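1. for reference, the sequence and a predicted model appear below.
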Amino acid sequence: MGVLSDHPELALFLCLAVGYLVGKLRVGPITLGGICGTLIVSLLLGAWAKIQIDADVKTIFFALFIFALGYLAGPQFFANLNRKSLRFFTLCLIELVSVLALAYFLAKAFDLDVGTASGILAGAATESAVVGTASEAIGKLPGLSADQIETYQGHVATAYTVCYLFGLVTIVIYTSQIMPMLLRINLRDASRDLWERMRGSGGGLEGDEREALPGLVGRTYLVTLADGRTVGNLESDFGGRVTVEAVKRGSKTLEPYPDLELTLSDLVLLVGRRANTIEAGRAIGPETPGIPGVDTPLATSQIAVTKATVSGQTIDRIVREHPEFSRSGVYVTEVLRGDQTLPATPDTVIQRGDVVTLVGARSGLSRIVAKIGTVAKNDATDFIYLGFGIAAGSLLGQIVVRFGGVPLSLGTGGGCLISGLLFGWFRSRRQTFGAFPPQAATTIKDMGLAVFIACTGLTSGPQAWPLLKEYGALLPFAGIAMVLVPATLSLFVGRKLLGIEPPLLIGAIAGQQCSTPAITSVTQVAQSSVPMLGYTITYALSNFLLPLTGPILVGILGA
């Protein structure tokens with residue numbers, strides 16, 4: 001105990017290691033996750049050994065976390081502020097209003113202090129960022145002594161831990177198991193049907209294809225049926241879904257220009273998605289083994305979308321409006337939005353800031369890049385951009401506005417969240433500077449939150465047991481109720497009033513709760529990534545909106 005008290009850095013990293021180990025424990029489809037595990041371990045350790053952590057450590061790591069969170073969500077957040085995403089924005093508003101109203105009602109009905117009410121809000125909404133924004137807001141409430149502030153901030157952490165456990169279990173089971181039954185669907189079949197409709201004439205998936213990354217193949221065929229047809233006619237007959245990359249006639253390899261006529265015994269190299277290539281091959285003749293001289297290597301390039309003319313368009317429309325895709329045999333095989341991989345279907349909407357993977361001939365790729373964006377160069381963090389972004393957020397958080405005599409401010413957390421959104425959005429429009437690779441941003445985000453949570457738990461441990469004795473039965477009830485109410489309202493409104501397809505709706509409800517375990521369980525049950533299309537929209541919106549509920553609730557209850 002003495003070693004831990006004398007060396008708080010040892011206690012801090014011990015909490016991270018053991019906490020993430022606890023977070024890996026699995027019960028059915030449910031795992032606690034590293035953040036909840038860290039908070040549990042740090043609360044227990046803090047209650048056992050009196051460990052002092054400098055408050056500035058929490059502030060610095062929380063600033064890193066919240067800026068990275070905003071940076072990752074920024075491009076999606078602003079891209080979704082449009083009429084097309086209004087349906088999903090409605091679900092986020094339902095979540096926002098419901099959790100605020102329920103937390104306020106519980107605080108008044110059971111005479112809860114501001115810390116406990118804020119912890120219930122953070123835990124039931126499974127939004128760890130609220131712990132930070134609410135704790136920071138409590139520290140700025142007028143008329144509270146230092147001991148009261150410390151006690152209330154401890155209550156935030158304790159209430160969050162209990163409510164998070166029950167809220168997490170509830171949202172995972174409700175979205176993946178109960179919602180499909182309420183909607184009277186088989187989630188796997190519904191996701192597959194929606195996938196096939198989104199793919200248009202592409203049909204179902206082949207057994208060796210991944211849903212998020214359809215296979216792109218090249219096959220050679222011997223001309224026995226297409227004698228006299230031109231290369232251009234052959235490609236147009238199949239809607240540009242396959243391209244002729246090479247033609248070998250005898251010992252000569254010919255350039256496959258559109259007017260070239262195919263003759264008997266020509267060898268033709270077709271490139272396209274597997275199902276389309278096989279279909280086109282039937283119109284040419286029998287397939288042959290790979291032949292020397294008819295082997296055009298395909299290049300892969302990751303392109304950051306920056307052009308306004310492309311943003312907001314479906315992949316199908318982009319391909320149709322840019323004939324370079326079909327003429328050059330270039331295909332979109334993957335869409336990366338922040339740290340989420342989306343299915344590259346014809347109906348997938350591309351947003352500015354997305355990184356799309358293109359596969360095709362190198363010459364064709366170079367012609368297309370300038371049409372949609374720029375080659376993604378995101379391999380090293382621009383610390384100039386990162387430093388100015390966090391500094392700007394910290395300054396923004398110091399601005400105080402009086403509302404009805406009550407001083408209100410965003411604080412460091414709210415300021416860095418907004419600056420992160422703006423800096424991430426601006427980076428998505430100008431990809432030539434301000435690099436912050438998603439892997440690095442995710443690491444900073446997770447590390448910042450984990451250290452902040454560990455510091456909070458270590459200092460809050462002594463207040464945990466008295467609070468649990470006083471409100472032990474209320475906290476689990478609150479965690480369950482504050483998940484079921486907004487999720488059920490969103491299910492009804494989303495299906496009956498907004499007409500959202502069930503797989504997208506279930507994914508969107510997991511996203512409005514910012515619950516990665518829930519969407520993981522949903523996609524496992526669906527055996528499809530289709531629900532991710534709904535999840536990414538509400539996840540981006542709620543990631544910005546939910547952290548703001550902490551200061552709002554503290555301001556209302558502290559007025």
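-> Perfect, thanks for sending it. Residues are numbered from 1 along each chain as shown.

2. for the stretch 101-250 of the chain, give me the ranges with low pLDDT.
-> 126, 198-216, 240 (pLDDT under 70).

3. let's go with 90 and repeat that
-> In the prediction, the stretch 101-250 of the chain carries residues with pLDDT under 90 at positions 107-178, 181, 184-220, 223-250.

4. which parts of it are helices?
-> Counting by DSSP state H, counting those that start in this stretch, the stretch 101-250 of the chain has helices at residues 114-124, 129-139, 146-173, 179-182, 187-198, 231-237.

5. mean neighbour count, those: which tops it?
-> helix 114-124 (a mean of 31; mean count of other CB atoms under 10 Å). All C-beta atoms are positioned from the backbone trio N, CA, C, and that covers glycine.

6. now tell me which helix or strand of this protein has the poorest mean pLDDT.
-> Ranking every helix and strand in the chain by mean pLDDT, DSSP states H and E puts strand 406-409 at the bottom, with a mean of 56.

7. before we move on, back to that, quick one, which of the helices of the stretch 101-250 of the chain gets closest to V349.
-> Closest of the helices of the stretch 101-250 of the chain to V349 is helix 187-198, at 10.9 Å (criterion: CB to CB).

8. longest helix in this protein, please.
-> helix 438-471 (DSSP state H).

9. which strands and helices sit next to that helix?
-> helix 8-23, helix 34-48, helix 55-79, helix 129-139, helix 146-173 (3 or more CB pairs under 8 Å, 6 or more residues apart in numbering; DSSP states H and E).

10. hang on, F544 packs against F77?
-> Yes. F544 lies in contact with F77 (CB atoms under 8 Å); the separation is 5.4 Å.

11. who touches both of the two?
-> L421 (CB atoms under 8 Å, 6 or more residues apart in numbering).

12. return stretch 46-55 as PDB; C-alpha atoms alone will do.
-> In PDB, the C-alpha atoms belonging to stretch 46-55 read as follows (Å, rounded to 0.1, in the frame of the first residue of the first chain):
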ATOM      1  CA  GLY A  46      -8.700   3.800  -4.500                       C
ATOM      2  CA  ALA A  47     -10.900   2.600  -1.700                       C
ATOM      3  CA  TRP A  48      -8.200   0.300  -0.400                       C
ATOM      4  CA  ALA A  49      -5.200   2.700  -0.700                       C
ATOM      5  CA  LYS A  50      -5.300   6.400  -0.400                       C
ATOM      6  CA  ILE A  51      -3.700   7.500  -3.600                       C
ATOM      7  CA  GLN A  52      -3.400  11.200  -4.700                       C
ATOM      8  CA  ILE A  53      -3.300  12.000  -8.400                       C
ATOM      9  CA  ASP A  54      -2.600  15.600  -9.500                       C
ATOM     10  CA  ALA A  55      -5.800  17.100 -10.900                       C
END
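
13. what angle do the longest helix of the chain and helix 8-23 make?
-> 90 degrees (axes from the mean of the first three to the mean of the last three CA atoms, to 10 degrees).

14. helix or strand right after the least confident helix or strand of the chain?
-> helix 411-429 (DSSP states H and E).

15. may I see the buried residues of that following helix?
-> Within helix 411-429, the residues that count as buried by 16 or more other CB atoms under 10 Å are 411-428.

16. stretch 436-451 too?
-> By neighbour count with 16+ other CB under 10 Å, stretch 436-451 contains the buried residues 436, 438, 440-441, 444-445, 448-451.

17. what does that stretch rub up against?
-> 12, 16, 19-20, 34-35, 38, 57-58, 61-66, 68-69, 71-72, 128-129, 132, 336, 338-339, 378-382, 385-386, 424, 427.

18. of those residues, buried ones?
-> 12, 16, 19-20, 34-35, 38, 57-58, 61-66, 68-69, 71-72, 128-129, 132, 336, 338, 378, 382, 385-386, 424, 427.

19. quick check: which ranges of the stretch 351-500 of the chain have low pLDDT?
-> 351-382, 393-422, 424-483, 496, 498-500.

20. now L106, nearest residue through space, not along the chain?
-> A478 (5.8 Å; CB to CB, 6 or more residues apart in numbering).

21. run through the residues that contact A134.
-> So A134 contacts 115, 118-119, 121-122, 156, 550-551, 553-554 (CB under 8 Å, 6+ apart).

22. hang on, isn't L96 packed against F544?
-> No. Using CB under 8 Å, L96 is not in contact with F544, being 10.4 Å away.

23. okay, strands next: where are they in the stretch 251-400 of the chain?
-> Listed in chain order, the strands of the stretch 251-400 of the chain (DSSP state E, counting those that start in this stretch) span 252-254, 267-273, 287-288, 299-305, 313-314, 331-337, 340-342, 349-350, 355-360, 373-375, 400-403.

24. name the helices or strands packed onto the first one?
-> Meaning strand 252-254. Against strand 252-254 (3+ CB pairs under 8 Å, 6+ apart) you get strand 242-249.

25. specify the angle between the strand it packs on and strand 331-337 in degrees.
-> Using the same axes, to 10 degrees: strand 242-249 against strand 331-337 is 140 degrees.

26. next one: strand 242-249 to chain centre, how far?
-> 40 Å (CA atoms, centre = their mean, to the nearest Å).

27. and the angle from that strand to strand 267-273?
-> Using the same axes, to 10 degrees: strand 242-249 against strand 267-273 is 160 degrees.

28. which parts of strand 242-249 are buried?
-> Buried, per 16+ other CB under 10 Å, within strand 242-249: 242-248.

29. strand partners (parallel or antiparallel) of that strand?
-> strand 252-254 (antiparallel), strand 267-273 (antiparallel) (DSSP bridges).

30. output stretch 105-121 in CSV, but only the C-alpha positions, please.
-> What follows is stretch 105-121, C-alpha atoms only, in CSV (Å, rounded to 0.1, in the frame of the first residue of the first chain):
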residue,chain,number,x,y,z
PHE,A,105,-36.8,13.3,-12.9
LEU,A,106,-34.8,10.8,-10.9
ALA,A,107,-32.8,13.6,-9.3
LYS,A,108,-35.9,15.3,-8.1
ALA,A,109,-37.9,12.2,-7.2
PHE,A,110,-35.2,10.6,-5.1
ASP,A,111,-33.4,13.8,-4.0
LEU,A,112,-30.1,12.9,-5.7
ASP,A,113,-27.1,15.1,-5.5
VAL,A,114,-25.8,16.6,-8.8
GLY,A,115,-22.9,14.1,-8.9
THR,A,116,-25.1,11.0,-8.6
ALA,A,117,-27.6,12.3,-11.2
SER,A,118,-24.8,13.0,-13.6
GLY,A,119,-23.2,9.6,-13.1
ILE,A,120,-26.6,7.9,-13.8
LEU,A,121,-26.8,9.9,-17.0
